[in-house]
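>>> Output the structure for:
(4 chains)
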Protein chains: 2
Amino acid sequence: MTEDERKSWLTVQDEVRRLIRQRDWKPGELIPHEADLAREFGCARATVNRALRGLADAGLLERRRKAGTRVALNPVRRAEFSIPIIREEIEGKGQRFGYRIFLREMRVPPPDVQARLQLNVAQPILYLKTLYTADSRPYVFEERWINSIAVPDVLDADFEVLSPNEWLVREVAFDGGDFTFSGVAATAEEAAILTCRVGEGLLVLERTTRHGGLMITYVRLLFHPGYQIHTRC
Amino acid sequence: MTEDERKSWLTVQDEVRRLIRQRDWKPGELIPHEADLAREFGCARATVNRALRGLADAGLLERRRKAGTRVALNPVRRAEFSIPIIREEIEGKGQRFGYRIFLREMRVPPPDVQARLQLNVAQPILYLKTLYTADSRPYVFEERWINSIAVPDVLDADFEVLSPNEWLVREVAFDGGDFTFSGVAATAEEAAILTCRVGEGLLVLERTTRHGGLMITYVRLLFHPGYQIHTRC
DNA sequence: CAGATTATTATGTATATACATAAACACGAT
DNA sequence: ATCGTGTTTATGTATATACATAATAATCTG
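Down below sits the predicted model:
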């Protein structure tokens, strides 16, 4: 402890993590305040602050002014996953990326899609059905509605060069969105496109993407059988 | 601009976000370095650093030493979802929580579970089948393997009072884990337990939880038809 | 004694300064 | 030209200091 070893906020963070894991600091318990820890670790309060703030963000600690810092009662309860661009996901596995647009037309969206895109008039917008393939095998079937009123440029887009997915990522700066995971059984059409059995259990990812105040696009991704979304925390 | 308004790293962050959203700073483009921004915003470099670091963590910026900071090409979308305790999730919806343990026995796990739990000997461990209900209706069917070698106390646990889920959260400090989402079609047994049609598409969440170097538990959660995991970013 | 007021305290943020580090860039030798 | 080598530069981190803020604790007041 008397050594002048290299300090860093990561060292502090690891040590605190260790104390929590080993139950030296029990869930719900108040831990020493920053100034004390700084003295104990032989570093500045700012360094301790950086470390503890990180752990609080991660949900391991709960901090309140004046009240102090305590170990979270129920630890780690959030996980993060990244939403990859389909091409990158496939190429990242060393497979050949491809896609085929089955349908591209202007169509009046059904009420639920109208609601998701916050369209108040029943107006035709761009509708696309695309199959993305990995090594020529069905990977994910994408059904996409694009709010072509908000993004008129999309009507001139040549999706033969750039997939709808990538075109939008390139041309429109997204702000945020909603994601929904669910499971469904393949319909006859879906089974035909994904070349799987009718009724096979598939993972569905729906997302609605926002830019500024406008809803840009709603996508329903139907993954091939056996596909898994994986994340760790 | 000449005003002495209150500054903060959040103000800087918002302004940078705005510049990116409005495409004043385009994807892939290099932005001014911290010192310049600090002068421009009339604050210290540390403040700019805090703001930009946050945006980089969020995936909006990419930073490299000497190379500078640039707007991310693909606004790397990551979403975060919270892992609720089942009881809290159900009660949070104003429904009555219940559960029923169908099976509780020592059993040698199949090879894939053995691998997940990093067991190198085929040894019987605790195996549980539990149905969680919301207002008495099937909510999620849980199949759980508990590494009772690592957590011997679990053998004495009385799951009539506290569900296996909560018992583990209370008694074992988790370190992290793996999560996998997928979709499956209900088997005959699963359909019977969840009272749905055989072949119905269901969402599956598998998770393996770690504590220290040890794998504690592997769970497979099979949600009722129509269940969705929702998140936004 | 309830309710308002003030003091105290732990976290939150801002600042100037200093040095560490990674990586791009220029320069020189082979 | 190619390969290393050193310089430059932007980010990354650490520190002391100062003040802000929220929430608890103590005190005053009717």
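>>> quick one: contacts for A:Val71?
A:20, A:25-29, A:31, A:60-62 (C-beta atoms under 8 Å, 6 or more residues apart in numbering or on different chains). Every C-beta, even on glycine, is put in place using the N, C-alpha and C of the backbone.
>>> Can you check the pLDDT for it?
Note on A:Val71: pLDDT of 96.
>>> now do A:Ser82
Value listed for A:Ser82 in the pLDDT field: 80.
>>> Give me the helices and strands touching the helix or strand containing it, please.
Using DSSP states H and E, A:Ser82 sits within strand A:78-83. Under the contact definition 3 or more C-beta pairs under 8 Å, 6 or more residues apart in numbering or on different chains; DSSP states H and E, strand A:78-83 sits against strand A:229-232, strand B:77-82.
>>> now those in TSV, with distance to DNA strand D?
As requested, these are exported to TSV (distance: least, C-beta to the nearest atom of the strand, whole Å):
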stretch	distance to DNA strand D
strand A:229-232	21
strand B:77-82	17
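>>> For DNA strand C, find the nearest of the ones you listed.
strand B:77-82 (19.0 Å; C-beta to the nearest atom of the strand).
>>> A:Ile193: what's it in contact with?
A:102, A:131, A:138, A:141.
>>> likewise A:Val219?
A:142-145, A:206-209.
>>> Which of those residues fall in strands?
A:142-145, A:206-209 (DSSP state E).
>>> between those, which is nearest B:Asp158?
Lowest distance from B:Asp158 to the ones in strands among the contacts of A:Val219 (C-beta to C-beta) belongs to A:Glu206, with 41.1 Å.
>>> per-residue confidence at the spatially closest residue to the closest one that is not a sequence neighbour?
Nearest residue to A:Glu206 in three dimensions, chain neighbours excluded: A:Thr180, at 4.5 Å (C-beta to C-beta, 6 or more residues apart in numbering or on different chains). The score at A:Thr180 is 95. That number is its pLDDT.
>>> One more: A:Ala173?
73.
>>> OK, contacts around A:Phe102?
Residues in contact with A:Phe102, defined by C-beta under 8 Å, 6+ apart, are A:129-131, A:193.
>>> Widest-spaced pair of these?
A:Thr130 and A:Ile193 (10.0 Å).
>>> Find the residues that touch each one of the two.
With C-beta under 8 Å, 6+ apart as the test, A:Thr130 and A:Ile193 both reach A:102, A:141.
>>> circling back to that earlier point, can you put the contacts of A:Val219 in JSON lines and add pLDDT, neighbour count and distance to DNA strand D?
Below are those laid out as JSON lines (pLDDT from 0 to 100; neighbours: other C-beta atoms under 10 Å in any protein chain shown; distance: C-beta to the nearest atom of the strand, whole Å):
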{"residue": "A:Glu142", "pLDDT": "97", "neighbour count": "22", "distance to DNA strand D": "35"}
{"residue": "A:Glu143", "pLDDT": "97", "neighbour count": "18", "distance to DNA strand D": "39"}
{"residue": "A:Arg144", "pLDDT": "97", "neighbour count": "19", "distance to DNA strand D": "35"}
{"residue": "A:Trp145", "pLDDT": "98", "neighbour count": "24", "distance to DNA strand D": "38"}
{"residue": "A:Glu206", "pLDDT": "97", "neighbour count": "18", "distance to DNA strand D": "34"}
{"residue": "A:Arg207", "pLDDT": "93", "neighbour count": "22", "distance to DNA strand D": "29"}
{"residue": "A:Thr208", "pLDDT": "95", "neighbour count": "20", "distance to DNA strand D": "32"}
{"residue": "A:Thr209", "pLDDT": "92", "neighbour count": "24", "distance to DNA strand D": "28"}
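>>> and of those residues, the nearest to A:Gln123?
Using C-beta to C-beta, these come closest to A:Gln123 at A:Trp145, 11.7 Å.
>>> I'd assumed A:Thr209 was in contact with the closest one.
No. The pair A:Trp145 / A:Thr209 is not scored as a contact, 10.9 Å apart, by C-beta atoms under 8 Å.
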